[in-house]
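Chemist: Show me how the following folds:
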Amino acid sequence: MKYLAEARYLWQNFVPKSGQADSVQGELIRAIEKLRDEAQRNGNINWDDGHEILTNFIANTLVDSNVFSEKEKQKIEDDIEALLDYEYPNTEDEIYDRMSDRIVEWYFQNKEPIPHKKNPDLRR
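Modeler: Coordinates of the predicted model:
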């Protein structure tokens, strides 16, 4: 992971002890770590609509931004597609580390907290 210290900073400063984050920055890093935890700890056995909401939130936020090149956006979409294939959980760190790095790169262009509208359908 290229930006481990920066990802930790996001976690420590933007992610609440429980529930959804108040900022997009916090919700992005919370989302990827929730997905990592479910795959690595549980083999996606508890996968539900909440995990899809988290995955789609990451995809929509990163791909809809002007931060990444078309090639980088395609790689993000490929990784999202792999994460959504929950029957074959990604249990290695590589995909989650790569997505965390993309989240940090997005953060570098969006350092001012952006309010996150909490999703009432998300229970994760």
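Chemist: What is the subsequent helix or strand relative to the longest helix along the chain?
Modeler: As assigned by DSSP state H, the longest helix anywhere in the chain is helix 24-42. Following helix 24-42 in sequence order, the next helix or strand is helix 49-63 (DSSP states H and E).
Chemist: What are the contacting residues of stretch 41-56?
Modeler: 31-32, 34-35, 38, 80, 83-84, 86-87, 89, 91, 119, 121-124 (Cβ atoms under 8 Å, 6 or more residues apart in numbering). Using the backbone N, CA and C atoms, a C-beta is placed for each residue, glycine as well.
Chemist: Give me the buried positions along the longest helix of the chain.
Modeler: The neighbour-count criterion (16 or more other Cβ atoms under 10 Å) identifies 24-36, 38-39 as the buried residues of helix 24-42.
Chemist: ok, back up a step: helices - which of the contacts of stretch 41-56 land there?
Modeler: 31-32, 34-35, 38, 80, 83-84.
Chemist: Out of these, the closest to residue 9 would be?
Modeler: Minimum separation from residue 9 among the ones in helices among the contacts of stretch 41-56 (Cβ to Cβ) is found for residue 32, which lies at 14.7 Å.
Chemist: How much space separates the closest residue to that closest one other than its chain neighbours from residue 66?
Modeler: Nearest-residue entry for residue 32: residue 99, 5.0 Å, with adjacent residues in sequence omitted and distances by Cβ to Cβ, 6 or more residues apart in numbering. According to Cβ to Cβ, to the nearest Å, residue 99 and residue 66 sit 18 Å apart.
Chemist: Spit out the contact partners of residue 67.
Modeler: 105-106, 109-110.
Chemist: Brilliant, that's me finished.
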